[in-house]
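J.: have a look at this prediction, sequence included:
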Amino acid sequence: MMRMKPPAWISRNSTFFVLAVPLLLISAVTFLIGDTLIERIITVLFIDVILVLALQVFMGNSGILSFAVAGFMGIGAYGSVLFSMTPAAKAAALPDLYPFLTQIQLPFLVSLLIGGLIAALVAAIVAYPLMRLSDAAGVITIFSLLVIINVVLVHWSALTNGPRTLFGVDRFTYLGTTTVFCIVFLAVAWWFKESSTGLKLRASRDDAFAAASIGINIVMMRYLAFVLSAFMAGFAGALWAHFITSFSPYAFYLSAMFVFLAMLVIGGPNGISGAVVGTVLVTLLREGLRSIENNVNMSKILPSGLVGFTEIVMAILLIVILILRPAGIMGGRELRWPPGFFGLRGKRETPAKDGDV
């Protein structure tokens with residue numbers, strides 16, 4: 001039976017639509033349910049999807065483990081709220097703030113963009129020399145970058161209130177806001193993966209010497225991916241800051257980075273589908289484990305309580321995934337339309353690519 005064929009660009013980008021539609025459905029169902037707790041969980045889920053996609057843009061395409069996403073998230077968070085807070089809130093929360101910043105108050109969307117751009121600017125300034133390093137040396141230097149960012153955030157009291165909690169941020173981020181930007185950055189991550197830059201970067205990941213021999217500038221490809229990743233992480237941090245409304249620099253350090261890495265590694269770092277699937281699965285698992293932990297502690301079944309149960313189970317799961325399926329649940333494959341979805345039944349509209357399912 002003949003069916004109407006979709007436009008070629010839809011067939012080529014079917015992975016984006018296969019991932020975007022369920023996310024939109026999740027948002028719509030959450031809105032219809034109207035439960036505050038569920039809405040809060042799903043809102044954070046969409047922010048986490050952006051952060052894990054930011055991690056995938058660099059780590060998944062370059063093959064270099066990156067710890068800096070949490071740091072750029074923090075830069076975006078603080079960079080955005082400095083421009084969105086009211087002068088009165090700044091005077092109360094940041095008494096030592098530089099005078100030229102105290103009276104500035106910009107619209108929410110502009111502040112989001114500024115947060116992402118500040119993170120991207122920091123990455124653009126410091127990253128180029130780091131992109132010359134690979135393997136263990138590259139991982140260590142990027143981890144050192146996270147440590148440096150955290151130290152700066154903790155000690156730059158004039159801008160961040162130091163190690164203390166920054167308060168007075170207005171809430172502008174809601175479920176609809178995160179839904180829109182989650183879909184936008186899903187498209188950005190997919191576009192980058194399919195772009196010539198993404199293809200060249202993956203070629204350097206698979207065989208750096210062969211890629212260099214055909215004229216690929218490996219350092220520049222990594223650099224562009226790193227800056228884009230920083231922008232996405234900074235933008236997500238800005239969304240998160242305007243949702244949580246009070247936070248400290250410790251929210252953007254190792255514990256947060258472990259969660260983002262777990263989401264990507266469990267799902268599969270080599271594909272966009274793995275980033276989204278891993279984020280959703282880990283979010284559901286974390287919420288379930290937290291519920292168990294809270295119920296056990298409230299019922300006082302154990303005399304000393306159940307402390308760290310969620311983190312321990314997450315760590316064990318990550319170890320098991322790495323042992324049994326190092327490439328993650330998706331194995332680097334991308335979700336696409338099932339055979340026969342369009343056109344002749346049982347036949348694909350476009351030739352299958354390696355790793356597609």
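T.: Great, that's in hand. Numbering: from 1, shown residues only.
J.: now residue 278, nearest residue through space, not along the chain?
T.: Nearest residue to residue 278, sequence neighbours excluded (C-beta to C-beta, 6 or more residues apart in numbering): residue 267, at 2.0 Å. Every C-beta, even on glycine, is put in place using the N, C-alpha and C of the backbone.
J.: okay, that neighbour and residue 282: tell me how far apart.
T.: 8 Å (C-beta to C-beta, to the nearest Å).
J.: ok, those two, which is more surrounded?
T.: Set residue 267 next to residue 282 and count neighbours by other C-beta atoms under 10 Å: residue 267 wins out with 27 against 24.
J.: separation between that one and residue 58?
T.: In terms of C-beta to C-beta, residue 267 sits 16 Å off from residue 58.
J.: now do residue 255
T.: 21 Å.
J.: so where's the protein shaky on pLDDT?
T.: Scanning the chain for pLDDT under 70 picks out 1-11, 339-357.
J.: phi, psi for the nearest residue to residue 167 once chain neighbours are set aside please.
T.: Of all residues not flanking residue 167 in the chain, residue 246 sits nearest, at 4.4 Å (C-beta to C-beta, 6+ apart). Main-chain dihedrals, residue 246, degrees, to the nearest 10: phi -150, psi 130.
J.: burial count for residue 246?
T.: Neighbour tally, residue 246, other C-beta under 10 Å: 12.
J.: identify the residue nearest the geometric centre of the protein.
T.: residue 51 (1.0 Å; C-alpha atoms, centre = their mean).
J.: element containing that one, please.
T.: Assigned by DSSP states H and E, residue 51 falls within helix 36-55.
J.: with residue 276 instead?
T.: Short version, using DSSP H and E: residue 276 is in helix 272-299.
J.: in that helix, what's buried?
T.: 272-280, 282-283, 285-287, 289, 293 (16 or more other C-beta atoms under 10 Å).
J.: what's the first helix or strand after it?
T.: Counting by DSSP H and E, what follows helix 272-299 is helix 309-324.
J.: remind me what that following helix packs against, helices and strands.
T.: helix 254-267, helix 272-299 (3 or more C-beta pairs under 8 Å, 6 or more residues apart in numbering; DSSP states H and E).
J.: so which of those comes closest to residue 203?
T.: When the helices and strands packed on helix 309-324 are compared by C-beta to C-beta, helix 272-299 sits nearest residue 203, at 17.8 Å.
J.: can you check what angle separates that closest one from helix 254-267?
T.: Interaxial angle of helix 272-299 relative to helix 254-267 (axes from the mean of the first three to the mean of the last three C-alpha atoms, to 10 degrees): 130 degrees.
J.: next up, the contacts around residue 249.
T.: Neighbouring residues of residue 249 by C-beta atoms under 8 Å, 6 or more residues apart in numbering: 74, 150, 153-154, 160, 163.
J.: adding distance to residue 333, write the residues you listed out as a markdown table.
T.: Conversion of the contacts of residue 249 to a markdown table gives the following (distance: C-beta to C-beta, whole Å):
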| residue | distance to residue 333 |
| --- | --- |
| 74 | 33 |
| 150 | 35 |
| 153 | 38 |
| 154 | 41 |
| 160 | 41 |
| 163 | 43 |
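J.: the residues you listed in helices, which ones?
T.: When the contacts of residue 249 are checked against helices (DSSP state H), the matches are 74, 150, 153-154, 160.
J.: now, which of those sits nearest residue 170?
T.: residue 160 (17.5 Å).
J.: any idea how far the closest one lies from residue 112?
T.: 18 Å.
J.: higher neighbour count, these two?
T.: Between residue 160 and residue 112, residue 112 has the larger neighbour count (other C-beta under 10 Å), namely 28 against 23.
J.: mind checking the SS state of that one?
T.: helix (DSSP: H, G, I helix; E, B strand; the rest coil).
J.: skipping its backbone neighbours, what lies nearest it in space?
T.: Once flanking residues are discounted, residue 112 sits nearest to residue 238: 4.6 Å by C-beta to C-beta, 6+ apart.
J.: which of the residues in the strand or helix carrying that neighbour are buried?
T.: In the assignment (DSSP H and E), residue 238 maps to helix 218-244. Residues of helix 218-244 classed as buried by neighbour count (16+ other C-beta under 10 Å): 218-219, 221-243.
J.: repeat for stretch 255-263
T.: Under the neighbour-count criterion of 16+ other C-beta under 10 Å, stretch 255-263 has 256-263 buried.
J.: also stretch 132-143?
T.: Applying 16+ other C-beta under 10 Å to stretch 132-143 flags 133-134, 138-139, 141-143 as buried.
J.: and the contacts of it?
T.: So stretch 132-143 is contacted by 64-68, 130-131, 208, 219 (C-beta under 8 Å, 6+ apart).
J.: again, only this time at 6 Å
T.: With C-beta atoms under 6 Å, 6 or more residues apart in numbering as the test, stretch 132-143 has contacts from 64-68, 130, 219.
J.: now do stretch 198-207
T.: By C-beta under 6 Å, 6+ apart, stretch 198-207 touches 61-63, 192, 211, 216, 218, 221, 225.
J.: now distance to residue 326 too, for these, in CSV please.
T.: Below are the contacts of stretch 198-207 laid out as CSV (distance: C-beta to C-beta, whole Å):
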residue, distance to residue 326
61, 17
62, 17
63, 13
192, 24
211, 23
216, 26
218, 24
221, 24
225, 22
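J.: nearest to residue 312, of those?
T.: Checking the contacts of stretch 198-207 one by one against residue 312 (C-beta to C-beta), the nearest turns out to be residue 63, at 28.9 Å.
J.: put the alpha carbons of stretch 56-68 into PDB.
T.: Output of stretch 56-68 as PDB, limited to C-alpha atoms (Å, rounded to 0.1, in the frame of the first residue of the first chain):
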ATOM      1  CA  GLN A  56      27.600  15.200  24.100                       C
ATOM      2  CA  VAL A  57      28.400  17.900  21.600                       C
ATOM      3  CA  PHE A  58      32.000  17.900  22.700                       C
ATOM      4  CA  MET A  59      32.600  14.600  24.400                       C
ATOM      5  CA  GLY A  60      30.500  12.400  22.100                       C
ATOM      6  CA  ASN A  61      32.000  13.800  18.900                       C
ATOM      7  CA  SER A  62      35.600  14.300  20.100                       C
ATOM      8  CA  GLY A  63      36.000  11.300  22.300                       C
ATOM      9  CA  ILE A  64      37.600  13.400  25.100                       C
ATOM     10  CA  LEU A  65      36.000  13.300  28.500                       C
ATOM     11  CA  SER A  66      34.900  16.800  29.600                       C
ATOM     12  CA  PHE A  67      34.300  17.800  33.200                       C
ATOM     13  CA  ALA A  68      33.900  21.500  32.400                       C
END
